[in-house]
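Asker: The sequence and its predicted three-dimensional model are supplied below.
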Amino acid sequence: MGCAPRDVRRLVVVGGAGSLKTASGLDRVDTPDFPAPYKGEALAHREVLRLLRAEVDDLEWTYLSPADEIAPGERTGTFRLGGDELLTAEDGSSFISAEDYAVALVDEVEKGETIRRRITPAY
């Protein structure tokens, strides 16, 4: 089943961290400490990812989730790339600067190395 216009071949979605799997096996949005103000948006983004995976076969899509926390900071150009799991540092934090998230986004748009999958940049 396809949904893309014939001339569109690539889609990069800027998503959220709510659908990332935590160490407990729960999606981040389903954990007790997930911030209530972001829950509706996180649930909607999880559904978008589910639909991409289940129903979109005529697009080269990539879904980009940030770390649990994203905020203005420093552009380091040095970060890890994960998949469906929430990336955490040794202290348990999960962070990426907006600047480095933008680098990961532009890298994916330019290189197109992650097709029909999610990527997650974090420190």
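Answerer: It's in. The shown structure was predicted, so the numbers you read here are calculated from the model rather than taken from an experiment. Numbering: from 1, shown residues only.
Asker: Would you map the helices across this structure?
Answerer: With helices called from DSSP state H, the chain shows them at 39-55, 98-111.
Asker: Let's see the shortest one as PDB, backbone CA atoms only.
Answerer: Read it as helix 98-111. C-alpha atoms of helix 98-111 as PDB (Å, rounded to 0.1, in the frame of the first residue of the first chain):
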ATOM      1  CA  ALA A  98      20.000  21.000  19.100                       C
ATOM      2  CA  GLU A  99      23.100  21.900  17.100                       C
ATOM      3  CA  ASP A 100      24.400  18.300  16.900                       C
ATOM      4  CA  TYR A 101      20.800  17.000  16.200                       C
ATOM      5  CA  ALA A 102      20.800  19.300  13.200                       C
ATOM      6  CA  VAL A 103      24.100  17.900  12.000                       C
ATOM      7  CA  ALA A 104      22.700  14.400  12.300                       C
ATOM      8  CA  LEU A 105      19.600  15.500  10.300                       C
ATOM      9  CA  VAL A 106      21.500  17.200   7.600                       C
ATOM     10  CA  ASP A 107      23.900  14.200   7.300                       C
ATOM     11  CA  GLU A 108      21.000  11.800   6.800                       C
ATOM     12  CA  VAL A 109      19.300  14.100   4.300                       C
ATOM     13  CA  GLU A 110      22.500  14.400   2.300                       C
ATOM     14  CA  LYS A 111      23.800  10.800   2.500                       C
END
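Asker: Off-centre distance for that helix?
Answerer: Put simply, helix 98-111 sits 12 Å off its chain's centre (Cα atoms, centre = their mean, to the nearest Å).
Asker: and it, what does it pack onto?
Answerer: Here helix 98-111 touches strand 10-14, strand 60-64, strand 69-71, strand 117-122, going by 3 or more Cβ pairs under 8 Å, 6 or more residues apart in numbering; DSSP states H and E. Placement of C-beta: from N, CA and C, glycine included.
Asker: list the helices and strands the last one packs on?
Answerer: Judged by 3+ Cβ pairs under 8 Å, 6+ apart, strand 117-122 is in contact with strand 60-64, strand 80-82, strand 95-97, helix 98-111.
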